[in-house]
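*Asks:* with the input below, show me the fold.
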Amino acid sequence: MCRKEGQQTQEEVQKRNLRDELEERERKHFSSKDKSYVDERDRRKSSSLLLEGSKRDEDKIVPREIDADDSDVELKSDDESDDDDDDDDTEALMAELERIKKERAEDRLRKERQQAEEEAKMKEAELMRGNPLINMNNSGSFNVKRRWDDDVVFKNQARGETKTPKRFINDTIRSDFHRKFLHRYMK
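*Replies:* Residues are numbered from 1 along each chain as shown. Presented below is the predicted three-dimensional model:
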């Protein structure tokens, strides 16, 4: 699958002057926004193809071996005491940094100790509140209720029957159940 002419092949893209096209589009944009914007370069065509060689030197991208940090001219220092001052300053800064680190470490240790002490106090207070033998003012008595209905005033009111000892009779006609049944339903 190969692109045909007019479909922006690599050769066509290399021949086009993209910078001029961009400048042309910018001019059109600004001229449409601002009517007073007029430039004599407005007459150029946006889709002009370049010849094989570049017309301008600024269009060519040439790698340079010059580094902006490097300079050919060496600056000579008048006093070598500047270097000593810099060393003294760095030593003072390092000492200050060490002092700050020590202070921060001490503060962190002190905060950890305080937090541990507070947690221990909170645990002790929680244990004191949770133990009913030590905390006497909240509990009234240590009496244990035997049943859940010990404090009920009227017990066994719904039953209304007297307790009779249960006896076993091997005859269904003479059993207590049969006698109650006959008494209740056959009167």
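*Asks:* can you give me the helices in the protein?
*Replies:* Per DSSP state H, the chain carries helices over the ranges 10-15, 18-33, 81-130, 176-185.
*Asks:* tell me the most buried of those helices?
*Replies:* Of all the helices of the chain, helix 18-33 has the most neighbours on average by mean count of other C-beta atoms under 10 Å, namely a mean of 13. C-betas here are computed from N, CA, C, even on glycine.
*Asks:* could you pull up the mean pLDDT of that one?
*Replies:* Averaging pLDDT along helix 18-33 yields 89.
*Asks:* mind giving me the packing neighbours of it?
*Replies:* Where contact means 3 or more C-beta pairs under 8 Å, 6 or more residues apart in numbering; DSSP states H and E, helix 18-33 is not packed against any helix or strand.
*Asks:* residue contacts, Lys187?
*Replies:* Going by C-beta atoms under 8 Å, 6 or more residues apart in numbering, Lys187 touches no other residue.
*Asks:* can I get the helices of the chain in JSON lines with distance to Pro165?
*Replies:* JSON lines is the format used below for the helices of the chain (distance: least, C-beta to C-beta, whole Å):
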{"stretch": "helix 10-15", "distance to Pro165": "115"}
{"stretch": "helix 18-33", "distance to Pro165": "114"}
{"stretch": "helix 81-130", "distance to Pro165": "49"}
{"stretch": "helix 176-185", "distance to Pro165": "10"}
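*Asks:* please name whichever of those is nearest to Arg146.
*Replies:* With C-beta to C-beta, the closest approach to Arg146 among those belongs to helix 81-130: 25.4 Å.
*Asks:* any idea of the mean pLDDT in that closest one?
*Replies:* The pLDDT scores in helix 81-130 average 92.
*Asks:* and Thr164, how far from Asp176?
*Replies:* Relative to Asp176, Thr164 is positioned 8 Å away (C-beta to C-beta, to the nearest Å).
*Asks:* kindly report the same for Cys2.
*Replies:* Counting by C-beta to C-beta, the gap from Cys2 to Asp176 is 112 Å.
*Asks:* try Lys102
*Replies:* 94 Å.
*Asks:* before we move on, what about Leu22?
*Replies:* 114 Å.
*Asks:* Lys33 too?
*Replies:* Lys33 is 113 Å from Asp176, by C-beta to C-beta.
*Asks:* same deal with Glu96?
*Replies:* Look at Glu96 and Asp176: by C-beta to C-beta, they are 103 Å apart.
*Asks:* Glu98 too?
*Replies:* Separation of Glu98 from Asp176 (C-beta to C-beta): 100 Å.
*Asks:* check contacts around Leu127.
*Replies:* No contacts exist for Leu127 under C-beta under 8 Å, 6+ apart.
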